[in-house]
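what follows is a predicted structure for the sequence shown.
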Amino acid sequence: MIAIFAENLRNFGVTSSEEAQIHLVLGLEKLEKRTVAVSSIGTAAQYEIRMSVPYQFRNITAQDAGAMILSESPVAISTRVFDFETGTNLSKTQEENLLLSEMRHEIARYIIQESRRHVSGNQLNTNNSPSS
């Protein structure tokens, strides 16, 4: 997830700096998969994949060694539904991996857009430790 954030930050023209006053703290990615439809023989025909990532913006000032939390711990969510046919496991695994990558990019773009509400400059420090 961090590599995808770094790529999206570059695409948005945002730089990362240890001296940034606003820090983005990402929580752990959570992935849920559930069956939403079954075939006539009772096997899964469609799955829903739900990815979620909690995040926080923290304000770090030079005078204050602590961090003031600028946002509660919102969760960015992306959901996809895809068809599954028995016997096509390899292609479906590849399709699922592509969907997961798209979902990560979507979540990264969403959080970066949300950061514009909290960041006045062009510097954002990213940290991959879970939110506390």
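Now that the structure is in, tell me what you want to look at. This one's a predicted model, so the numbers in the text were calculated from it and none came from an experiment.

switch to C-alpha atoms for all contacts and neighbour counts from now on
Fine.

for the residue nearest the centre of the chain, what are its contacts?
Centroid-nearest residue in the chain, with CA atoms, centre = their mean: residue 107, separated by 3.9 Å. The contact partners of residue 107, taken as CA atoms under 8 Å, 6 or more residues apart in numbering, are 53, 76-78.

please redo it, this time with the cut-off set to 6 Å
Taking CA atoms under 6 Å, 6 or more residues apart in numbering as the contact definition, residue 107 lies against residue 76.

looking at it now. What's its pLDDT?
Note on residue 107: pLDDT of 96.

state whether it is indeed within a strand.
No - assignment of residue 107 by DSSP: H, G, I helix; E, B strand; the rest coil gives helix, placing it outside any strand.

from residue 100, how far out is it?
Between residue 107 and residue 100 the computed distance is 10 Å (CA to CA, to the nearest Å).

how about the helix or strand residue 110 falls within: buried residues?
In this structure, residue 110 sits in helix 89-115 according to DSSP states H and E. Using 16 or more other CA atoms under 10 Å as the burial criterion, the residues of helix 89-115 that qualify are 92, 96, 99-100, 103-109, 111-112, 115.

in the chain, mark out all the helices, start to finish.
Under the criterion DSSP state H, the chain contains helices at 2-11, 89-115.

just tell me which of the ones you listed ends up closest to residue 83.
helix 89-115 (8.4 Å; CA to CA).

CA atoms only for stretch 6-15, dumped as PDB, please.
Taking Å, rounded to 0.1, in the frame of the first residue of the first chain, the C-alpha atoms of stretch 6-15 are listed here in PDB:
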ATOM      1  CA  ALA A   6       4.100   7.100  -3.000                       C
ATOM      2  CA  GLU A   7       3.300   6.700  -6.700                       C
ATOM      3  CA  ASN A   8       0.000   8.600  -6.300                       C
ATOM      4  CA  LEU A   9       1.700  11.300  -4.300                       C
ATOM      5  CA  ARG A  10       4.100  11.800  -7.200                       C
ATOM      6  CA  ASN A  11       1.200  11.900  -9.600                       C
ATOM      7  CA  PHE A  12      -0.500  14.600  -7.600                       C
ATOM      8  CA  GLY A  13       2.700  16.600  -7.300                       C
ATOM      9  CA  VAL A  14       2.900  16.200  -3.500                       C
ATOM     10  CA  THR A  15       6.400  15.800  -1.900                       C
END
